[in-house]
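**Student:** Fold the stuff below for me.
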Amino acid sequence: MIQDIATVMWRDWIVLRRRLKKFILSRLVTPVLYLVAFGWGLGKNINIASGTYLDFLVPGIVALNTMNVSYMSITTVHAERVYHKSLEEYLSAPIEPTAFVLGKVLSAVVRALISTALILGVALSFGAGLNFEPITFLSVVVLNSIIFASVCFCAALKVQTYEELAQVNTYLLMPMSFLCGTFFSTAELPPVVRFVIEVLPLTHTSYLLREGFSLSSFLILSAYAIVLLWLAVKMFRRLSA
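**Tutor:** As a prediction, the model looks like this:
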């Protein structure tokens, strides 16, 4: 099983290594824009009790970025299934379906970790104060990446066109990007709206990255990761049956 997972990850790493420069440059664009627009621009007029708005913003950008990077890393599965038909090669290969799913998801985690390191480097250059618990921070980034990589894996096995895959982004990822505590605290939202928002995983990711370890939020994220990963494996097994 471990060898099969490593094989899938190695294949994805070779692809990433060939495009690493483009990947790094593309991952820097959005965080820099957010830091300039919200951190330097709008942030100068916002006072946060715990520090500067720039310090408040960075964990939210990390949460948002890991969601997007891990999700987009798995979109190739859809192309391999629908357009290139190369997913059939994996289905016929002597490899456990669970190992394939884990390999793809963990490859997405690696991409998210690289992107997170870039964001932290840029944030430091902007003068942000980074005050977090390394183990909690790393664990939350990994869990968040597993969650949204698994979401995309499930979507990639279900939808038939890129347009349908983009709709998942529009109706699921886009609302979470702006409402789940990434750019502002959810405490001021109306109770009903806040209840819905606090059910979503990205809210707990933003909270954990910003406030530190919370057992309830960590357990919620862990539950999301386990259930969605199990669902991705189940769907892929059904496809390979």
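
**Student:** element containing the residue positioned nearest the centre of the chain?
**Tutor:** The C-alpha lying nearest the average C-alpha coordinate of the chain belongs to Met67 (C-alpha atoms, centre = their mean; 2.3 Å). Assignment of secondary structure by DSSP states H and E places Met67 within helix 53-73.

**Student:** same thing with Ile95?
**Tutor:** Going by DSSP H and E, Ile95 is not in any helix or strand.

**Student:** which stretch of helix or strand covers Ser206?
**Tutor:** For Ser206, the host element (DSSP H and E) is helix 201-211.

**Student:** Contact partners for the closest residue to the residue nearest to the centre of the chain other than its chain neighbours?
**Tutor:** Nearest residue to Met67, sequence neighbours excluded (C-beta to C-beta, 6 or more residues apart in numbering): Phe148, at 4.8 Å. In short, each C-beta sits where N, CA and C put it, glycine included. Phe148 is in contact with Thr66, Met67, Asn68, Ser70, Tyr71, Leu173, counting by C-beta atoms under 8 Å, 6 or more residues apart in numbering.

**Student:** swap the cut-off to 7 Å and go again
**Tutor:** Met67, Ser70, Tyr71 (C-beta atoms under 7 Å, 6 or more residues apart in numbering).

**Student:** how many neighbours does the last one have?
**Tutor:** Which is Tyr71. Counted by other C-beta atoms under 10 Å, the residues lying close to Tyr71 total 25.

**Student:** got the contact list for it?
**Tutor:** Phe148, Ala149, Val151, Cys152, Leu173.

**Student:** Go again with 10 Å.
**Tutor:** 108, 112, 145, 147-153, 155, 165, 168-169, 172-173 (C-beta atoms under 10 Å, 6 or more residues apart in numbering).

**Student:** before we move on, what about the second one?
**Tutor:** Each residue near Ser70 by C-beta under 10 Å, 6+ apart is listed here: 105, 107-113, 115, 141-142, 144-152.

**Student:** and with 6 Å instead?
**Tutor:** Contacts for Ser70 (C-beta atoms under 6 Å, 6 or more residues apart in numbering) come out as Ala108, Ala112, Ser145, Phe148, Ala149.
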